[in-house]
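Trainee: Pasted the sequence and its predicted model underneath.
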Amino acid sequence: MKIFHAIKRFFAPRSPEFAATGNVNQHGCSGGNVFIEHSVKEYLSWQRGLLRWLAAAAAGCFAAAAFPPLNWSIAAFCSLTVLFLLARNLSAVKAALAGWLWGMGYALCSFFWLREINVVIPWLMMIVLGAYYIPMGWMAALANRYILLPPQVRAAGFSAQKSCRDFPLWRQLAWCLVMAGILVIVEFLRSNVLPWNYLGVAFYKNTVFMQLVRITGVSGLSFLAALVNGALALAILTVVRQDPESGARKYRRPLPLLFSVVLLALVMAYGISSLQARRKEYKQFKHQVRLTMVQGNLHSGRYGGISAAERALKVYTDLTRTQIGIPTDVVIWPETAVAYPLRGRGDLGRLYRATVRTLSHEMNAPMLLGTLEFDESTVPPGSLNSAVLTDTRDMLYYGYKAIYSKVHPVPFGEFVPMRRYLPDWVIKIIDMQRDLTPGKSMDPIALNENIRLGISICFEDVFAYISRAEAGRRANLLLVIADDAWYPTSSEPEQHLANSIARAIENNLPMVRCGNDSATCLISPGGEIIWSLAEAVKLGDGKAHRRGAGAATITVSVPSPEQQKQTFYSRFGEWVAALSAMIVVLALGSMLLSRLEFFRKLKK
């Protein structure tokens with residue numbers, strides 16, 4: 001319990017109290033017992049203030065440690081606690097600044113791998129993405145004042161508010177719910193921009209705990225983590241009490257924290273049961289498909305060229321031919337394995353198409369390739385990042401057997417939003433020399449009568465709505481083709497894999513990933529990596545995200561239509577975000593009513 005006392009002393013704000021008697025102490029402050037309400041302002045020396053702002057940023061950095069490469073998932077349960085304690089007694093503006101600093105620390109460390117594109121990008125990301133967390137700090141202050149504190153304490157003034165530790169249990173629970181809800185809303189607000197490294201993703205290695213996303217999606221795990229953070233903050237505030245008469249320390253049960261521990265235990269119990277059921281189901285799936293996966297381990301660059309494309313074609317051709325003679329249903333190459341359109345003009349285009357037809361004949365199977373395509377519905381034709389299914393046919397004359405085009409291009413990577421309004425120096429930093437057109441359909445690709453592939457290209461697998469839509473269109477196997485070779489030395493491939501795993505659990509479907517340099521693997525409907533190319537061909541220590549080249553053919557079990565079961569999440573989607581919005585709206589309404597009541601009393 002002493003640890004709670006020590007932490008509480010650090011976060012307790014210190015401000016001189018002013019009184020109405022006219023007596024002046026040695027510091028020039030008036031003293032007495034009658035507190036002058038409206039003259040009180042929080043007083044912090046600049047040294048202590050600086051320490052708090054640094055603590056907010058450091059807590060955000062610590063939150064990033066929950067993700068690869070460190071994978072300290074415990075950070076997800078305590079990094080927000082620091083922000084909640086720092087912001088609770090600050091003004092709304094200062095609390096918002098604390099939230100921004102926390103967000104900047106989180107964003108900088110989470111996305112520092114973007115330095116491999118340009119060293120400036122992580123710092124720009126820090127400012128922009130960090131701003132999403134301003135409401136976290138702002139709400140911590142408001143919820144403390146209007147939800148956690150009883151009305152009589154608010155009426156007693158700032159001094160009483162900052163020293164109050166006697167919070168009714170229902171107010172403590174309500175405060176925890178509001179703080180968990182605001183985090184989910186913040187993450188939801190960035191869901192269409194970059195839903196990467198949500199707090200709930202920190203548990204991707206704990207497949208038992210991850211089973212909750214079958215019901216709630218990743219938002220449920222984020223909500224639960226924030227709930228624990230709030231309960232821990234309350235434990236620090238309330239566990240240690242000092243008797244006003246004797247001065248002795250007394251200890252109190254942290255009931256919200258105990259409730260959180262019980263909730264975690266229930267989630268783990270559900271997860272154990274669910275994971276066992278998923279393992280049993282996977283073994284009973286009726287259909288099987290054999291996939292030849294090829295990973296070339298070729299460095300991607302901002303500016304490609306003919307020679308680089310020719311080399312990529314040769315590498316992928318040679319690797320594919322190592323699998324000749326092994327029965328397969330399809331050969332899969334990753335996203336833009338050859339950085340040249342399959343239907344492109346010139347000698348390389350002709351060589352590319354001839355090579356694909358030859359390989360399809362030699363492998364006795366169609367090929368599914370990531371390639372650049374043309375959107376002929378626009379004038380001039382646009383560019384598409386696509387996955388095409390083809391075989392020995394002449395694709396210029398007959399077309400492809402099927403095609404899926406990326407529906408969610410990467411902002412500032414595959415297109416530049418508001419390009420015409422941005423200054424040239426910004427364009428120079430972020431421009432990839434292309435503005436890709438979004439695809440128009442999320443229909444699965446039918447490989448045969450039993451296998452329907454729900455495809456995601458590049459970072460589309462971090463967008464839950466895409467895989468959910470494909471599962472709703474009766475896809476029974478999720479396929480991700482990606483190119484993480486843009487980041488040859490950082491933790492980006494492992495982070496990408498971490499953010500991808502939840503899609504298999506959410507939709508109760510197996511997922512196959514085929515990467516250019518890493519993370520070629522098979523993920524079960526329970527979220528377990530049950531096969532990886534790295535392990536099959538001995539890349540490093542065999543972990544799925546290890547980089548290297550290789551090819552292998554695997555057998556994947558796939559559910560039949562009658563075996564395909566929707567999860568609660570796949571049926572109802574982001575219901576946790578909707579519930580969180582209701583909680584926060586009710587909280588804001590309650591705060592507004594309290595404020596109006598205060599003004600009514602003031603007028604009287």
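Mentor: Received the coordinates, thanks.

Trainee: pretty sure Thr555 is in a strand, no?
Mentor: Yes: counting by DSSP: H, G, I helix; E, B strand; the rest coil, Thr555 is part of a strand.

Trainee: Please tell me I have it right and it contacts His287.
Mentor: No: assessed by Cβ atoms under 8 Å, Thr555 is found out of contact with His287, at 10.8 Å. The way it works is simple: take the backbone N, C-alpha and C, and place the C-beta from them, glycine included.

Trainee: Which residue of these two possesses the greater neighbour count?
Mentor: His287 (17 against 13; other Cβ atoms under 10 Å).

Trainee: Let me see the contact set for the more buried one.
Mentor: 450-451, 476, 557-560 (Cβ atoms under 8 Å, 6 or more residues apart in numbering).

Trainee: could you flag which of the residues you listed are buried?
Mentor: Listed as buried from the contacts of His287 are 450-451, 476, 557-559; burial here means 16 or more other Cβ atoms under 10 Å.

Trainee: Redo the residues you listed as JSON lines? Include distance to Tyr316.
Mentor: Converted to JSON lines, the buried ones among the contacts of His287 look like this (distance: Cβ to Cβ, whole Å):
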{"residue": "Asn450", "distance to Tyr316": "27"}
{"residue": "Ile451", "distance to Tyr316": "23"}
{"residue": "Asn476", "distance to Tyr316": "27"}
{"residue": "Ser557", "distance to Tyr316": "27"}
{"residue": "Val558", "distance to Tyr316": "25"}
{"residue": "Pro559", "distance to Tyr316": "31"}
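
Trainee: And Val289, which helix or strand is it part of?
Mentor: Using DSSP states H and E, Val289 maps to strand 287-295.

Trainee: burial of Trp53, as a residue count?
Mentor: 16.

Trainee: Setting aside sequence neighbours, what's the nearest residue to it?
Mentor: Leu101 (5.6 Å; Cβ to Cβ, 6 or more residues apart in numbering).

Trainee: For the one you found, which residues are in contact?
Mentor: So Leu101 contacts 53, 56-57, 60, 130 (Cβ under 8 Å, 6+ apart).

Trainee: May I have the secondary structure class of it?
Mentor: helix.

Trainee: CA atoms of stretch 355-373 as CSV?
Mentor: Extracted in CSV, the C-alpha atoms of stretch 355-373 (Å, rounded to 0.1, in the frame of the first residue of the first chain):
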residue,chain,number,x,y,z
THR,A,355,6.4,-15.3,-67.6
VAL,A,356,3.1,-15.5,-65.7
ARG,A,357,1.5,-17.6,-68.4
THR,A,358,4.5,-19.9,-68.4
LEU,A,359,4.6,-20.3,-64.7
SER,A,360,0.9,-21.0,-64.5
HIS,A,361,1.4,-23.8,-67.0
GLU,A,362,4.4,-25.2,-65.2
MET,A,363,2.6,-25.0,-61.8
ASN,A,364,-0.7,-26.3,-63.3
ALA,A,365,-2.5,-23.6,-61.3
PRO,A,366,-3.7,-20.1,-61.6
MET,A,367,-1.7,-17.2,-60.1
LEU,A,368,-2.9,-14.5,-57.8
LEU,A,369,-0.6,-11.5,-58.2
GLY,A,370,-0.4,-8.1,-56.6
THR,A,371,0.1,-5.6,-59.5
LEU,A,372,-0.6,-2.1,-60.7
GLU,A,373,-3.8,-1.8,-62.8
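
Trainee: Could you list the buried residues of it?
Mentor: So stretch 355-373, judged by 16+ other Cβ under 10 Å, has buried residues 355-357, 359-360, 362-363, 365-373.

Trainee: Pop the domain breakdown of the protein in here.
Mentor: 2-278+576-603, 289-572 (automatic domain parsing).

Trainee: Confidence-wise, which of the ones you listed is weakest overall?
Mentor: Ranked by mean pLDDT, the domains of the chain end with domain 2-278+576-603 at the bottom, a mean of 85.

Trainee: Now do it: distance to the chain's middle.
Mentor: Chain-centre distance of domain 2-278+576-603: 20 Å, with Cα atoms, centre = their mean, to the nearest Å.

Trainee: Could you pull out the buried residues of the strand or helix carrying Ala277?
Mentor: Remark: Ala277 resides in helix 255-284, with elements defined by DSSP H and E. For helix 255-284, the neighbour count (16+ other Cβ under 10 Å) marks 256-257, 259-260, 264, 267, 270-271, 274-275, 278, 281-282 as buried.

Trainee: If you count contacts, what does that helix end up packed against?
Mentor: Helix 255-284 is packed against helix 169-189, helix 207-210, helix 218-238, with contacts defined by 3 or more Cβ pairs under 8 Å, 6 or more residues apart in numbering; DSSP states H and E.

Trainee: so that helix versus helix 218-238, what angle?
Mentor: If you take axes from the mean of the first three to the mean of the last three Cα atoms, to 10 degrees, helix 255-284 sits at 160 degrees to helix 218-238.

Trainee: Alpha carbons of stretch 297-317, as PDB, please.
Mentor: C-alpha atoms of stretch 297-317 as PDB (Å, rounded to 0.1, in the frame of the first residue of the first chain):
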ATOM      1  CA  ASN A 297      12.500 -10.100 -49.800                       C
ATOM      2  CA  LEU A 298      13.200  -7.300 -52.300                       C
ATOM      3  CA  HIS A 299      13.700  -3.800 -51.000                       C
ATOM      4  CA  SER A 300      11.000  -1.300 -52.000                       C
ATOM      5  CA  GLY A 301      11.900   2.200 -53.000                       C
ATOM      6  CA  ARG A 302      10.100   5.400 -53.600                       C
ATOM      7  CA  TYR A 303      11.300   5.500 -57.200                       C
ATOM      8  CA  GLY A 304      11.300   2.300 -59.100                       C
ATOM      9  CA  GLY A 305      12.800   1.500 -62.500                       C
ATOM     10  CA  ILE A 306      12.800  -1.000 -65.300                       C
ATOM     11  CA  SER A 307      16.000  -2.800 -64.000                       C
ATOM     12  CA  ALA A 308      14.500  -3.200 -60.500                       C
ATOM     13  CA  ALA A 309      11.300  -4.600 -62.000                       C
ATOM     14  CA  GLU A 310      13.200  -7.000 -64.200                       C
ATOM     15  CA  ARG A 311      15.200  -8.200 -61.200                       C
ATOM     16  CA  ALA A 312      12.000  -8.700 -59.100                       C
ATOM     17  CA  LEU A 313      10.400 -10.700 -61.900                       C
ATOM     18  CA  LYS A 314      13.400 -13.000 -62.000                       C
ATOM     19  CA  VAL A 315      13.600 -13.400 -58.200                       C
ATOM     20  CA  TYR A 316       9.900 -14.300 -58.000                       C
ATOM     21  CA  THR A 317      10.100 -16.600 -61.000                       C
END
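
Trainee: Tell me which residues are up against that stretch.
Mentor: 117, 294, 296, 333, 337-340, 348, 351-352, 355, 359, 432-433, 483, 485-486, 488, 516-518, 547-549.

Trainee: Just to check, Arg357 is in contact with Leu396?
Mentor: No: using Cβ under 8 Å, Arg357 is not in contact with Leu396; the gap is 11.0 Å.

Trainee: Please consider this matter closed, and thank you.
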